[in-house]
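>>> the sequence isn't on hand, but the structure is:
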């Protein structure tokens, strides 16, 4: 059976159709907080239970507890703040107070209602230091924190409208993946997080894990990324061809996670595991330097942090160093292959990107030619 949702119950904050028209009419008279597309996606994630047990943006006690202990105030594991930042000037201009109900608006359209439970200040430097282990503005996550507005607004949300989703055909909500996994007869499901087009190293990790479970849930992050990352549509098309040509039918499912990468390393690894647990995964693949960027985290720090969460409710599957071995004629890892030196070719995402940027096909021991062909069919496969 799929894993139980985090906290025991799958959150649903989507307004029923019979109430929707009435609430949309009422929203016309409410104060309106304009939110970004990225924040609007997070509202949807809350509403559909992707972030269960959260029912809205964090209030002060949960926010502080997550920073200090990596747990919610009720002691449930949670490592990344899910917060709504608003400027004090905007709050005063709109005369928003605790206890009010406000409309969350994207591009002029009401997306959700929010009950303002708490308005509070926060320390950006502390936020960055706790979550990212650095205050270096070269870190993309830190940079975003320091660009946040000066107040956080916490409270439950109710979703009235969904924002535009260019990847609707790849979108499944947790309630849908859980039904699908049951229909496929999967009792054990391993989740795979990615922000890259697949190379052979990824395929090796996925298929190794798939040896021990019933199904594989490939769940790419689709949303704002840093310069040089693969574009969303490239990732999806590359995985489509890989699954079609190299995976057994009914053993792998591809669906997206709409959010942005935070590059928080170990904390984000736990967060990613919790999200996949909400989709129904019983296991989660954690590779080397999961969700890392630059050299801010130790190579296996994102694996070591799982020791602090024996009550996580999803089983991590760790992969250490793996590579292509010329003598073994395939992908292996350091636990089974005796060869070293020139005999091994580590999968280098950087090298693969460089070759693709030059319009070249990476060697077959690095990437499937069908995958490379799909990537090279795009004029601009990488984020500018």
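Yes, it's here. Quantities reported herein were computed from a predicted structural model and do not represent experimental measurements. Numbers count the residues shown, from 1 in each chain.
>>> for the most far-flung residue of the chain relative to its centre, what are phi and psi?
Relative to the centre of the chain, and counting by CA atoms, centre = their mean, the farthest-placed residue is residue 327 at 36.9 Å. Note on residue 327: backbone dihedrals following degrees, to the nearest 10 are phi -80, psi -30.
>>> distance of it from residue 320?
20 Å (CB to CB, to the nearest Å). For glycine as for every other residue, the C-beta is placed from the backbone atoms N, C-alpha and C.
>>> what's the local residue count around residue 328?
Counted with other CB atoms under 10 Å, the neighbours of residue 328 add up to 15.
>>> quick one, helices of the protein?
17-27, 37-47, 60-69, 88-93, 124-132, 140-146, 174-183, 200-210, 232-246, 266-279, 301-304, 349-357, 369-376 (DSSP state H).
>>> make JSON lines from the ones you listed and add mean neighbour count to it.
Converted to JSON lines, the helices of the chain look like this (neighbours: other CB atoms under 10 Å):
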{"stretch": "helix 17-27", "mean neighbour count": "12"}
{"stretch": "helix 37-47", "mean neighbour count": "21"}
{"stretch": "helix 60-69", "mean neighbour count": "18"}
{"stretch": "helix 88-93", "mean neighbour count": "13"}
{"stretch": "helix 124-132", "mean neighbour count": "18"}
{"stretch": "helix 140-146", "mean neighbour count": "19"}
{"stretch": "helix 174-183", "mean neighbour count": "18"}
{"stretch": "helix 200-210", "mean neighbour count": "20"}
{"stretch": "helix 232-246", "mean neighbour count": "19"}
{"stretch": "helix 266-279", "mean neighbour count": "26"}
{"stretch": "helix 301-304", "mean neighbour count": "20"}
{"stretch": "helix 349-357", "mean neighbour count": "16"}
{"stretch": "helix 369-376", "mean neighbour count": "18"}
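>>> what's the burial count for the closest residue in space to residue 268 that isn't next to it in sequence?
Nearest non-adjacent residue to residue 268, counting by CB to CB, 6 or more residues apart in numbering: residue 291, 3.7 Å away. Residue 291 has 24 neighbours, counted by other CB under 10 Å.
>>> do the same with residue 8
Neighbour count of residue 8, defined by other CB under 10 Å: 10.
>>> for it, which non-adjacent residue is spatially closest?
The nearest residue in space to residue 8 (CB to CB, 6+ apart) is residue 53, at 7.7 Å.
>>> ok, now residue 272?
Residue 272 sits nearest to residue 193 (CB to CB, 6+ apart), 4.7 Å away.
>>> quick one: pLDDT of the one you found?
Residue 193 carries a pLDDT score of 95 in this model.
>>> could you do the one 10 residues further on as well?
At residue 203 the predicted local confidence, pLDDT, stands at 95.
>>> I figured it was touching residue 242, is that so?
Yes. The pair formed by residue 203 and residue 242 meets the contact definition of CB atoms under 8 Å, at 6.9 Å.
>>> which residues do those two both contact?
residue 368 (CB atoms under 8 Å, 6 or more residues apart in numbering).
>>> so who does the nearest residue to residue 5 once chain neighbours are set aside touch?
Once flanking residues are discounted, residue 5 sits nearest to residue 52: 4.6 Å by CB to CB, 6+ apart. The contact partners of residue 52, taken as CB under 8 Å, 6+ apart, are 5-7, 9-11, 174, 278.
>>> same deal with residue 334?
Going by CB under 8 Å, 6+ apart, the list of residues near residue 334 reads 320-322.
>>> out of those residues, name the ones that lie in strands.
Among those, DSSP state E puts residue 322 in strands.
>>> now the buried members of the contacts of residue 334.
residue 322 (16 or more other CB atoms under 10 Å).
>>> before we move on, the earlier item: and the contacts of residue 52 as JSON lines, adding distance to residue 136 and pLDDT?
Converted to JSON lines, the contacts of residue 52 look like this (distance: CB to CB, whole Å; pLDDT from 0 to 100):
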{"residue": "5", "distance to residue 136": "36", "pLDDT": "98"}
{"residue": "6", "distance to residue 136": "31", "pLDDT": "98"}
{"residue": "7", "distance to residue 136": "34", "pLDDT": "98"}
{"residue": "9", "distance to residue 136": "39", "pLDDT": "97"}
{"residue": "10", "distance to residue 136": "37", "pLDDT": "98"}
{"residue": "11", "distance to residue 136": "35", "pLDDT": "98"}
{"residue": "174", "distance to residue 136": "35", "pLDDT": "98"}
{"residue": "278", "distance to residue 136": "31", "pLDDT": "98"}
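>>> highest neighbour count among these?
Neighbour counts for these (other CB under 10 Å) peak at residue 278, which has 28 neighbours.
>>> how many other residues sit next to the residue nearest to residue 8?
Neighbour tally, residue 53, other CB under 10 Å: 18.
>>> pLDDT score assigned to it?
98.
>>> do residue 288 as well
Confidence score, pLDDT, at residue 288: 83.
>>> tell me who's in contact with it.
Counting by CB under 8 Å, 6+ apart, residue 288 has contacts 299-300, 319-321.
>>> just the contacts of residue 334 now: which is nearest residue 151?
residue 320 (43.5 Å; CB to CB).
>>> now do the contacts for the closest one.
Per CB under 8 Å, 6+ apart, neighbours of residue 320: 288, 300, 333-335.
>>> how about a cut-off of 7 Å?
288, 333-334 (CB atoms under 7 Å, 6 or more residues apart in numbering).
>>> redo these as JSON lines? Include distance to residue 115.
Output for the contacts of residue 320, formatted as JSON lines (distance: CB to CB, whole Å):
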{"residue": "288", "distance to residue 115": "42"}
{"residue": "333", "distance to residue 115": "50"}
{"residue": "334", "distance to residue 115": "53"}
